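Novice: Quick one: sequence and predicted model below, then my questions.
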Amino acid sequence: METEQRLSPDDIMELHPNFHFRWEEPQRAHVLLYPEGIVKLNDSAAEILEVCAQGDLSIAQGSAVLASRYDHPPIEAEIMQFMELAYAKGWIRPKS
Amino acid sequence: MPKAGSGPSLDGLGMPLWLVIELTYKCPLKCPWCSNPVDFDKYRNEMTTDEWKALLREGRRLGSLQLGFTGGEPTLRNDLDELVADADQLGYYTNLITSGVGLDPERIRSLKRAGLKQVQLSLQSCDSEVSHKLTGLEVWKHKIEIAYALKAEGFPMVLNVPVSRYNIDQTEALIDLAADLGVEYLEFANLQYYNWALVNRAELLPTREQLLRSEAAVARARERLGKRLTIYFVVPDYFDDRPKACMNGWGAIHLTIAPDGTALPCQEARLIKDISFPNVREHKLDWIWRSSPAFTKFRGNDWMKEPCRSCAEKERDFGGCRCQAFLLTGDASNTDPVCRKSPHRHLIDDIVSATAKRREQGIEEPLIMRDRKASVAT
């Protein structure tokens, strides 16, 4: 259903206010809660949202922060791919 | 209401992720497809505020995450706001499922303050006359005002349209209305025929032609509106070849608590009269969910008979709906008769063709409206 949504490394993204992002202990995972829906996120998806979708860092800056946590692997393209998916699903939006 | 298409996207790990609490069966509307039992008037012993609060705690301990406040009309309970606040504190994502009749701008602000996250508002038509016919009350204008008031307060909203032959030709106009109201989600809930809807099935069932036109209108609108409006289309299963994956399986992720504390695997399950459903006033929720005979009866697939038992799709549709199997074949452990592989499929085909014939012949009978008088008569 989702149409492709391009983003640029300079875009600053934030969580869409209709999506609640939090740790859910019984699931041992981060979840996104929204009207009539639940998405359980894997650890890397949750970490990307925690760093790159807080409305402060650009996607490129967020990618650099994440890369520095893990001895600088080439993860920028993968992060961009996930951010575009999250944008297409409406979880995140450009910070206005 | 059993749904396919708007289910959650994760495995419940054996937890009742979706908890639905029916605070009351009372409702001023008389919708002739109401999902409440036809004998709703017999159940008057509603749970108290404290009993609901205790239940909410037990639900969280079992891993419930999405919480639906419904009824009847849940806003008729004066303690709704207090229960929402309590549920929000406990970490639920709180949804209110309402006709809007008990709401006004002040109550909406109070619910927002209490932490309510989302409102699903029902709308039966895009015009007030049809709405009046279908609900038995002059409520259309109020509902539209409430929709604007909810948006003004910043609630994400699902506009839920129960679809029958009376409003299915309004699909396009309803989409335009939803876009004007600025709701995020529009749900066309093609009626599923249980309880009151079953009583009125011959009058409510659309024709295949109507359904195809409606689906085409939805497809065009999705193309046009994209992310602005998400449209759910709950499949009208009588017109399908395969059964819906009802509730993602019996006792898998859904738990409903009826007004009197009866625990049910779905809102309709009470109609399966040969199962005795446990009550949260008498048993721990943990036992009810994990071990009670009612919740384990159709869990997994050991209970299945042929053709389900050897079917490659049994993990996908779980044999369909137990309530529908019970209502139409008399045995809840039969394959849902919607399935083409079911030896009872002819029952569905006969209903669809008999209804089409009634339409051609112009036969029309009055709808039996949901009210106390009709309930007592059942």
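Specialist: Happy to help now that I have it.

Novice: which SS state does B:Ile21 fall under?
Specialist: Under DSSP: H, G, I helix; E, B strand; the rest coil, B:Ile21 falls in the strand class.

Novice: residues touching the closest residue to it other than its chain neighbours, list them.
Specialist: Spatial nearest neighbour of B:Ile21, chain neighbours left out: B:Ile257 (4.9 Å); criterion: Cβ to Cβ, 6 or more residues apart in numbering or on different chains. Yep, even glycine has a C-beta here, placed from its N, CA and C like the rest. With contacts taken as Cβ atoms under 8 Å, 6 or more residues apart in numbering or on different chains, B:Ile257 has the following neighbours: B:19-22, B:47, B:55, B:263-264, B:280.

Novice: On the pLDDT front, check B:Ile257 for me.
Specialist: The pLDDT attached to B:Ile257 in the predicted structure is 98.

Novice: who's it bridged to?
Specialist: As for beta bridges, B:Ile257 partners with B:Ile21, B:Ala263 under DSSP bridges.

Novice: mind giving me a markdown table with the contacts of B:Ile257 and columns for pLDDT?
Specialist: Below are those laid out as a markdown table (pLDDT from 0 to 100):
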| residue | pLDDT |
| --- | --- |
| B:Leu19 | 98 |
| B:Val20 | 98 |
| B:Ile21 | 98 |
| B:Glu22 | 98 |
| B:Met47 | 98 |
| B:Leu55 | 98 |
| B:Ala263 | 98 |
| B:Leu264 | 98 |
| B:Val280 | 98 |
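
Novice: quick one: contacts for the residue in chain A sticking out farthest from the centre?
Specialist: Here chain A has its C-alpha centre computed as a mean, and the residue farthest from that point, by Cα atoms, centre = their mean, is A:Pro26 with 22.0 Å. Listed by Cβ under 8 Å, 6+ apart, the contact set of A:Pro26 reads B:13, B:15, B:63, B:65.

Novice: Return the residues in contact with the last one.
Specialist: Right, B:Leu65. Shown here is B:Leu65, whose contacts under the criterion Cβ under 8 Å, 6+ apart are A:24, A:26-27, A:31, A:33, A:38, B:15, B:17-18, B:91-93.

Novice: between those residues, which is closest to B:Leu347?
Specialist: Ranking the contacts of B:Leu65 by separation from B:Leu347, with Cβ to Cβ as the measure, puts B:Trp18 on top at 29.7 Å.

Novice: Local confidence estimate at the closest one?
Specialist: According to the predicted model, the pLDDT of B:Trp18 comes to 96.

Novice: From chain A, how far off is it?
Specialist: Shown here: B:Trp18 relative to chain A, a distance of 8 Å by Cβ to the nearest Cβ, to the nearest Å.

Novice: How many residues are close by that residue?
Specialist: The burial metric for B:Trp18, expressed as a neighbour count using other Cβ atoms under 10 Å in any protein chain shown, is 23.

Novice: in what helix or strand does A:Leu7 lie?
Specialist: Assigned by DSSP states H and E, A:Leu7 falls within no helix or strand.

Novice: show me the contacts for it.
Specialist: Contacts for A:Leu7 were tallied using Cβ under 8 Å, 6+ apart; they are A:13, A:59, A:80, A:83-84, A:87.

Novice: could you pull out the strands for the chain?
Specialist: Using chain A here. Remark: strands of chain A, listed N- to C-terminal, are A:13-15, A:20-24, A:29-34, A:37-41, A:92-94; assignment by DSSP state E.

Novice: Let me rephrase: I mean chain B.
Specialist: Under the criterion DSSP E, chain B carries strands at the ranges B:18-22, B:66-70, B:93-98, B:118-122, B:157-163, B:185-190, B:230-234, B:254-257, B:263-264.

Novice: Tabulate those strands (TSV), appending distance to B:Asp371.
Specialist: Written out in TSV, the entries for the strands of chain B read as follows (distance: least, Cβ to Cβ, whole Å):
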stretch	distance to B:Asp371
strand B:18-22	18
strand B:66-70	19
strand B:93-98	19
strand B:118-122	17
strand B:157-163	17
strand B:185-190	22
strand B:230-234	26
strand B:254-257	23
strand B:263-264	23
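
Novice: mean pLDDT for those: which is lowest?
Specialist: Here the strands of chain B differ in mean pLDDT, and the lowest is strand B:230-234 at a mean of 93.

Novice: Now do that strand against strand B:185-190, angle only.
Specialist: Taking axes from the mean of the first three to the mean of the last three Cα atoms, to 10 degrees, one finds that strand B:230-234 is oriented at 10 degrees with respect to strand B:185-190.

Novice: and strand B:230-234, which strands flank it?
Specialist: Paired strands of strand B:230-234, with direction, are strand B:185-190 (parallel) (DSSP bridges).

Novice: Just want to check the distance between the spatially most central residue of chain A and A:Ile75.
Specialist: Most central residue of chain A, judged by C-alpha distance to the mean C-alpha position with Cα atoms, centre = their mean, is A:Leu49 at 3.0 Å. Using Cβ to Cβ, to the nearest Å, we find A:Leu49 at a distance of 15 Å from A:Ile75.

Novice: A:Ala45 now?
Specialist: Using Cβ to Cβ, one obtains 13 Å as the distance from A:Ala45 to A:Ile75.

Novice: Buried residues of stretch B:56-63, list them for me.
Specialist: Of the residues in stretch B:56-63, those with enough neighbours to count as buried (16 or more other Cβ atoms under 10 Å in any protein chain shown) are B:56, B:58-60, B:62-63.

Novice: between these, which is nearest chain A?
Specialist: Using Cβ to the nearest Cβ, B:Gly63 is the member of the buried residues of stretch B:56-63 that lies nearest chain A, at 3.8 Å.

Novice: tell me the contacts of that closest one?
Specialist: When contacts are counted by Cβ under 8 Å, 6+ apart, B:Gly63 is found next to A:26-27, B:12-13, B:15-17.

Novice: again, only this time at 10 Å
Specialist: If a contact means Cβ atoms under 10 Å, 6 or more residues apart in numbering or on different chains, then B:Gly63 has A:24-27, B:12-17, B:19, B:253, B:289 as its contacts.

Novice: on that earlier part again, shared neighbours, A:Ala45 and A:Ile75?
Specialist: Counting by Cβ under 10 Å, 6+ apart, the shared contacts of A:Ala45 and A:Ile75 are A:Phe82.

Novice: Could you export the least confident helix or strand in chain B by mean pLDDT as CSV, CA atoms only?
Specialist: The element with the least model confidence among the helices and strands of chain B, by mean pLDDT, DSSP states H and E, is helix B:372-376, at a mean of 86. Once non-C-alpha atoms are left out, helix B:372-376 reads as follows in CSV (Å, rounded to 0.1, in the frame of the first residue of the first chain):
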residue,chain,number,x,y,z
ARG,B,372,-35.5,-3.3,25.1
LYS,B,373,-38.9,-4.3,23.8
ALA,B,374,-37.4,-6.4,21.0
SER,B,375,-34.8,-7.8,23.3
VAL,B,376,-37.3,-9.0,25.9
